[in-house]
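S.K.: Show me how the following folds:
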Amino acid sequence: MLGALSQIYAQAGALDASNIQALGTLLLEAKEIGSILTIVFCLGALIFNYLLYQTKLVPRWLSGWGLIAIVPYLAAGLLAMFGIIHALSPIYAILNLPLALQEMVLAVWLIVRGFNSSATVFRDAKTELIAV
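M.R.: Sure thing, here's the model as predicted:
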């Protein structure tokens, strides 16, 4: 994308050049923000899958799969952030695949089966409400 933008910049006149340069700077900063968002997403996914694992609201193999799949996803984000791999490379896609599959399986599981109604969290919350 920056390559095409640089060709337009070379052909542009003096008035249009500053606008194109600002757009190029914005695109470079957006790339860095995307890498930071990957780290934030991984932290959120880690907390979410950990809570699902502890509460047994879904089968432990499913939330455990999510916990394990976060590692290659985070590695892909960090490798792309440091310029070792490109965000559109096949390696990046392969590293993101386990978490993407886990999220799709989790979505289908929740639609079809829902949460585990006999999970300890709900049972403890019911007894606390009754006792009060």
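S.K.: residue ranges for the helices of the protein, please.
M.R.: 2-11, 14-55, 60-81, 90-112, 120-131 (DSSP state H).
S.K.: Against which helices or strands is the third one packed?
M.R.: Looking back up the chat, that one is helix 60-81. If you count contacts as 3 or more CB pairs under 8 Å, 6 or more residues apart in numbering; DSSP states H and E, helix 60-81 packs onto helix 14-55, helix 90-112. Where you see a C-beta, it was placed from the backbone N, CA and C, and this is true even at glycine.
S.K.: average pLDDT across the last one?
M.R.: Per-residue pLDDT values over helix 90-112 give a mean of 95.
S.K.: angle of it against helix 60-81?
M.R.: 150 degrees (axes from the mean of the first three to the mean of the last three CA atoms, to 10 degrees).
S.K.: Can you mark which positions in stretch 105-117 are buried?
M.R.: residue 106 (16 or more other CB atoms under 10 Å).
S.K.: do the same with stretch 51-58
M.R.: 52-53, 57-58.
S.K.: ok, residue 67 to residue 48 distance?
M.R.: 10 Å (CB to CB, to the nearest Å).
S.K.: Check residue 54 too.
M.R.: Relative to residue 48, residue 54 is positioned 11 Å away (CB to CB).
S.K.: do the same with residue 103
M.R.: Taking CB to CB, one finds residue 103 at 10 Å from residue 48.
S.K.: what sits in contact with each of those two?
M.R.: Common contacts of residue 103 and residue 48 (CB atoms under 8 Å, 6 or more residues apart in numbering): residue 66.
S.K.: Any chance of TSV for the helices and strands packed on helix 60-81, columns distance to residue 118?
M.R.: TSV is the format used below for these (distance: least, CB to CB, whole Å):
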stretch	distance to residue 118
helix 14-55	11
helix 90-112	16
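S.K.: burial count for residue 73?
M.R.: Number of residues near residue 73 (other CB atoms under 10 Å) recorded here: 22.
S.K.: and the residue nearest to it when sequence neighbours are not counted, what is it in contact with?
M.R.: Distance criterion CB to CB, 6 or more residues apart in numbering; nearest residue to residue 73, sequence neighbours excluded, is residue 99 at 4.4 Å. The contact partners of residue 99, by CB under 8 Å, 6+ apart, come to 45, 66, 69-70, 72-73.
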